[in-house]
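Colleague: following is a predicted model, sequence given first.
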Amino acid sequence: MAMTADEILSHPALEACVRGQAQTLLSMQEGAPRIASVFATQQRWLMAHAALAQYYRREASEAGSGLLAERFLEIVEHHDIASRNTAAAFLKEMLQYDIVRVVPNSATRHRMLEPAPAVLAALFGWHVLHLATLDRLDGGGRVARLNAEPALLGAIEPLVADGLIGSNEVRDPEATFSLFTWINEGGIVMDRLIVGCGQPASDGRIPTDVTSVSVLAQRLKLSRTQLGRKFAEAEAMGSLGWCGARGKSPLWVSADFRRQYLSAQAVKLAIIDAAFEACAKPDHRVAGMATSMEP
């Protein structure tokens, strides 16, 4: 039975598992920065999942059909993920950098698109990573099942996208988490802070191995000014600060900041687990997937 977000959040091994997950996400970002840029903000992350869901659903009904650009724009607008113009600009950028491609011989007026092979490989790796976290929590065999039946990804991803887009917790996260999710690479910034966490101090603050905003921004290829501004906002909220002199001592994060991060991960993992369980049943058929994200 799939675990709920509350069950995942209360698991004693969650923090260690999620820190390992965050470290792998950082490695994936460093290894494929162009593909990682697709998911650089919460908005882009949700648009990418919406596009992949539509692609897999159309492929399930007719192989080689790809996703329709116009339908993608309608879905994004209908679910209030972004404006139509923002979604169109996102799609144009994806085409420019060969993240998605025009399906050969598709009509000019209703051109069909498909993700590049590298994108589908990265998506598979993303799912394997999160299923591995779930396996570590309950000793399950999700990763082995997906590796044995990689076609399951086409059934799982649309349900994951539905769950993410339909989740209030995902769409409207808590204050500090929300502060970072809407800047470029904000999720990666939080992953980096969590990976660098040490043991809590007596005052409950958790020191990290980050000592310079400039160095962090440079390593993650972010704007020093933008990142510094967000850190200042988070500091004013009591979510992080400096153990000593600013910029010359370790940065600390609050226990509540870490709780918000773990809570967000638990919600995401529960959505992925529910989708996997629904699709891993012996009688499941990819062609029978629901189309709940269609407007």
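Modeller: Structure received.
Colleague: tell me which stretches of the stretch 101-250 of the chain form helices.
Modeller: For the stretch 101-250 of the chain, the helices defined by DSSP state H, counting those that start in this stretch occupy 117-138, 142-148, 153-165, 168-171, 175-181, 186-195, 213-219, 224-236.
Colleague: okay, buried residues for the second one please.
Modeller: Looking back up the chat, that one is helix 142-148. Buried positions in helix 142-148, judged by neighbour count with 16 or more other C-beta atoms under 10 Å: 142, 143, 146. For every residue, glycine as well, the C-beta is placed using N, CA and C.
Colleague: related to what we said a few turns ago, weakest of the helices of the stretch 101-250 of the chain in terms of mean pLDDT?
Modeller: Lowest mean pLDDT within these: helix 175-181, at a mean of 83.
Colleague: returning to that earlier point: could you redo the helices of the stretch 101-250 of the chain as CSV and give each row distance to residue 6?
Modeller: Below are the helices of the stretch 101-250 of the chain laid out as CSV (distance: least, C-beta to C-beta, whole Å):
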stretch, distance to residue 6
helix 117-138, 13
helix 142-148, 20
helix 153-165, 16
helix 168-171, 11
helix 175-181, 17
helix 186-195, 20
helix 213-219, 32
helix 224-236, 26
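Colleague: out of the ones you listed, which gets nearest to residue 203?
Modeller: helix 224-236 (15.5 Å; C-beta to C-beta).
Colleague: for the closest one, which residues meet the burial criterion?
Modeller: Applying a neighbour-count criterion of 16+ other C-beta under 10 Å, one finds 227, 228, 230, 231, 234 buried in helix 224-236.
Colleague: any residues touching it, and which ones?
Modeller: The contact list for helix 224-236 (C-beta atoms under 8 Å, 6 or more residues apart in numbering) reads 176, 179-180, 183-184, 186, 189, 213-214, 216-218, 240-241, 257.
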